[in-house]
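Participant: fold the following.
(chains A and B)
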Amino acid sequence: MRGCLPSAFPFSGKEPTMSVAADRSKAAQPRPFLRPAVRAELAGWLFASPWIIGFIVFTAAPMLFSVYASFTEYNITTSPRWIGLGNYRALLQDPFFYAGLKNTLWMVVFKTPLVIVISISFALLLAMNVPGGAFFRSIFYLPNVLAGVAAVYLWKWILAPDGLLNQALSFVGISGPAWFTNPAWTKWGLVLMGMWWIGGNVLIYLAGLKGIPAELYEAGSIDGAVGWSKFRYITLPMLSPTIFFQVVTGIIGTFQIFTTAFIISTGDPFYASQSLLFYVLYLYYRAFGKLGPAGFQMGYASAMAWILFVIIMAITLVQLWLSKRWVYYESEGH
Amino acid sequence: MATIAKPERVQPTRRFRLPRLSTGQIVAFIVLSLVSVTWIIPFLWMLATSLKAPWELVGSNFWPEEPTFEAYYTAFFAFDRFPQWIRWTWNTLLITLIAVFGKVLSTALVAYAFARLRWRGRDLLFSLVLATMMIPSVVTMIPSFIVFAKLPAFGFQGSQNWINTFLPLTVPAFTGDAFFIFLMRQQMRGIPMELSEAATIDGASEFRIWWEIIVPLVKPVMAVIAIFTFQAAWEDFMGPLLYLQSENKYTLQLGLRQFEAAAGGLPAWNELMAASLVVMLPVIIIFLMFQRYFIEGIQISGSLKG
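Facilitator: Numbering: from 1, shown residues only, chains lettered A, B, ... in the order given. All right, here's what the predicted structure looks like:
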């Protein structure tokens, strides 16, 4: 490795050796500007400074300010006007707030379990070492790299009233719904298209499955476990930490649903009887004066952001508490 | 479904022999094949639609009877659209490349401090880094907007504050990313400390050790970070939607919305699919080239947190 530091020895043309280097540091080199301990301390802070500055400027300060802003009426151009709990009180009587919350919770309740069941099923199939496993894995993962607007438009077209899916359904005699225009079906349309993106989850479950020691299954076989009972008493408990992680992050992700719903609803809050007005969409429309009073509504939007934060934290904490009953950690030595 | 692959029986070696598969494996193979076809169909449908003439859009044909590149021509060249597309492509490339550079550089610097330097406050700050991973990005959306509206831009891109400039989409990339810092730190901790100690004795500065010893050894992680950042920046919609207002500063993702607006809600699907396919293409190509990194990256992220 020393070979790659040729110019690190500015004071000698000699081949440096360990012993010479030690006293040369006293004799030939100028006294260091700072004591070594201080230098080390300084180096740490300097190397970490990009993150520290970013944290202060782009995270901590804005968040603290928005706590304050949530108690004010604030349109960015004029200074905030203190209104105490005004925003929070108004929120409790805001029908859009409840509509957004209801739509978002609907997605959490219906999408989360479907994603878990389907992605574990796929992972189990992939874990069986079938030929072409790597190819299947890539195919499932491919949609995950396409998170942009383009992919959402593709699905809007597939689920259009005369789109691909309904054409396929009509072949088997089913007349499909107008997925993205009929308010009763819009969210089901989102759930359906969401299934195209479960590849990431499948890969994580697959990694979890591969981490289960083969001895466990062998021991299970000796005890007479077959098929379902192996899955129920070996696979599921061993996979439970992964499932738990996926549920927690999945729910947090679903609460933040934005781009898909925004593109499908063409940026119109009243699209399909507000059936796609999710919490974050309302927050956006409200903040930029596209729904409710005109002009920036940063105080109100800040209050909404903090309520969302509290809701997400509360749900995560409840899950953490519930996890003691169903998540199995090897290190606990059961 | 839960059957476990039986150990293969040892076969006398014969040429062109298919691997011996259990019934379960054969069923799994068939199911996976069918599902894969389903997963591919959307892409084919996109391609098929983009090759259709308007009159073929209403029929029930999957593939056009007379494939034509008309939609591509209209989407990119008609109505003087071409200069705009060039502009948006340039904007997207610029923002994406700066973000990739910034994130890789800053992550490598910050992770070095947490992995290989001893300083007071290190462990406390690192737990803060981990804590920021828990903050849903939506919670910081409005506060950040307010900050960007207050930060001075001194006329950069014709703006007095950071709104309607590329700054909110690029500068934060230079402050690292909690998850990537975590990933990089793990890698850097795996490098023997003796390497750094030997270089210190030889009089190398901390920066030199970082650049000449550590950075070359973590290039694979840097590649993972670079491609994930590329993908995220290229496809970012919410950021540009919030911060870019003038049409000549739009990125490709915002540009795609033009089709919808122009047609008053019902886009010309063949044109929209043609444009969407072209906008997606760079990411698909990068995925096909660096699949291994994507798949490793996602599995690491799952196993680390899980």
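Participant: switch to C-alpha atoms for all contacts and neighbour counts from now on
Facilitator: OK.
Participant: quick one, strands of the stretch 51-200 of chain A?
Facilitator: In the stretch 51-200 of chain A, the segments counted as strands under DSSP state E, counting those that start in this stretch are A:72-73, A:81-82.
Participant: contacts for the last one?
Facilitator: This means strand A:81-82. A:71-74 (CA atoms under 8 Å, 6 or more residues apart in numbering or on different chains).
Participant: tabulate those (CSV), appending pLDDT, neighbour count and distance to chain B.
Facilitator: Compiled in CSV, the contacts of strand A:81-82 are given as follows (pLDDT from 0 to 100; neighbours: other CA atoms under 10 Å in any protein chain shown; distance: CA to the nearest CA, whole Å):
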residue, pLDDT, neighbour count, distance to chain B
A:71, 94, 21, 14
A:72, 92, 24, 14
A:73, 88, 21, 13
A:74, 88, 22, 10
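Participant: just these now: which is nearest residue A:322?
Facilitator: residue A:71 (33.8 Å; CA to CA).
Participant: number of residues surrounding the closest residue to that closest one other than its chain neighbours?
Facilitator: Leaving out its chain neighbours, the residue that sits closest to residue A:71 by CA to CA, 6 or more residues apart in numbering or on different chains is residue A:84, at 4.9 Å. Counted with other CA atoms under 10 Å in any protein chain shown, the neighbours of residue A:84 add up to 14.
Participant: same check on residue A:315?
Facilitator: 15.
Participant: how about the secondary structure of it?
Facilitator: Recorded secondary structure, residue A:315: helix (DSSP: H, G, I helix; E, B strand; the rest coil).
Participant: residue A:100 versus residue B:203, what's the distance?
Facilitator: 61 Å (CA to CA, to the nearest Å).
Participant: ditto for residue A:132
Facilitator: For residue A:132, the distance to residue A:100 - CA to CA - is 44 Å.
Participant: try residue A:181
Facilitator: Distance from residue A:181 to residue A:100, by CA to CA: 18 Å.
Participant: next up, the contacts around residue B:45.
Facilitator: Residue B:45 is in contact with A:164, B:62-63, counting by CA under 8 Å, 6+ apart.
Participant: and which of those is nearest residue A:78?
Facilitator: Looking across the contacts of residue B:45 and measuring by CA to CA, the closest to residue A:78 is residue A:164, at 51.0 Å.
Participant: what number of residues lie near the nearest residue to the closest one once chain neighbours are set aside?
Facilitator: Nearest residue to residue A:164 in three dimensions, chain neighbours excluded: residue A:158, at 4.8 Å (CA to CA, 6+ apart). Neighbour count of residue A:158, defined by other CA under 10 Å: 20.
Participant: so who does residue A:158 touch?
Facilitator: By CA under 8 Å, 6+ apart, residue A:158 lies in contact with A:164-165, B:42.
Participant: now residue B:156
Facilitator: Taking CA under 8 Å, 6+ apart, one finds residue B:165 in contact with residue B:156.
Participant: how about the most centrally placed residue in chain B: what's its closest non-neighbour residue?
Facilitator: A centroid search over chain B (CA atoms, centre = their mean) returns residue B:231, at 1.8 Å, as the residue closest to the centre. Closest residue in space to residue B:231, ignoring its immediate chain neighbours: residue B:283 at 6.4 Å, by CA to CA, 6+ apart.
Participant: so the one you found: helix, strand or coil?
Facilitator: Note that with three-state DSSP, the state of residue B:283 is helix.
Participant: could you do the one 3 residues further on as well?
Facilitator: Using three-state DSSP, the secondary structure recorded for residue B:286 is helix.
Participant: report the central residue of chain A.
Facilitator: Centre-nearest of chain A using CA atoms, centre = their mean is residue A:253, 4.6 Å out.
Participant: and that one, that one's in a helix?
Facilitator: Yes. With three-state DSSP as the criterion, residue A:253 is part of a helix.
Participant: ends of stretch B:121-139, what's the gap?
Facilitator: Where stretch B:121-139 begins and where it ends lie 27 Å apart, using CA to CA.
Participant: so for it, what gets flagged as buried?
Facilitator: B:122, B:126, B:129, B:132, B:136, B:138-139 (16 or more other CA atoms under 10 Å in any protein chain shown).
Participant: got the contact list for that stretch?
Facilitator: Under the contact criterion CA under 8 Å, 6+ apart, stretch B:121-139 has outside partners A:44, A:252, A:256, A:280, A:305-306, A:308-309, B:113-114, B:178-179, B:182.
Participant: from those residues, which land in helices?
Facilitator: A:44, A:252, A:280, A:305-306, A:308-309, B:113-114, B:178-179, B:182 (DSSP state H).
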